[in-house]
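Chemist: All I have is the shape, not the residue letters:
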């Protein structure tokens, strides 16, 4: 009888462990899915930041050209 009780306890414990493992696997899959989404968002933000940096560099170059022209005009007067 003790062996049967022992085996019953083993199967209950095994069932609890299997339930816990299933839960952990579900959470892992959800986390992996979330990570993929976040990586995509990060790439999009980096690309957007790079475009903004390029625009700012273009504006800076334009201001430098304007400044250079103004200096030439001031020297000519």
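Modeler: That came through, no problem. The shown structure was predicted, so the numbers you read here are calculated from the model rather than taken from an experiment.

Chemist: Run through the strands of the chain in chain order.
Modeler: Taking DSSP state E as the criterion, the chain contains no strands.

Chemist: Can you list the low-confidence ranges for it?
Modeler: 1-12 (pLDDT under 70).

Chemist: again, only this time at 50
Modeler: Along the chain, the model assigns pLDDT under 50 to residues 2-4.

Chemist: Show me the helices in it, by range?
Modeler: 2-76 (DSSP state H).

Chemist: Around residue 55, count how many other residues there are.
Modeler: Residues near residue 55, counting by other CB atoms under 10 Å, number 10. For glycine as for every other residue, the C-beta is placed from the backbone atoms N, C-alpha and C.

Chemist: With the one 3 residues further on instead?
Modeler: The burial count assigned to residue 58 is 10, neighbours taken as other CB under 10 Å.

Chemist: Repeat that for residue 37.
Modeler: Quick note: residue 37 (other CB under 10 Å) scores 10 neighbours.

Chemist: That one and residue 61: what is the separation?
Modeler: According to CB to CB, to the nearest Å, residue 37 stands 37 Å off from residue 61.
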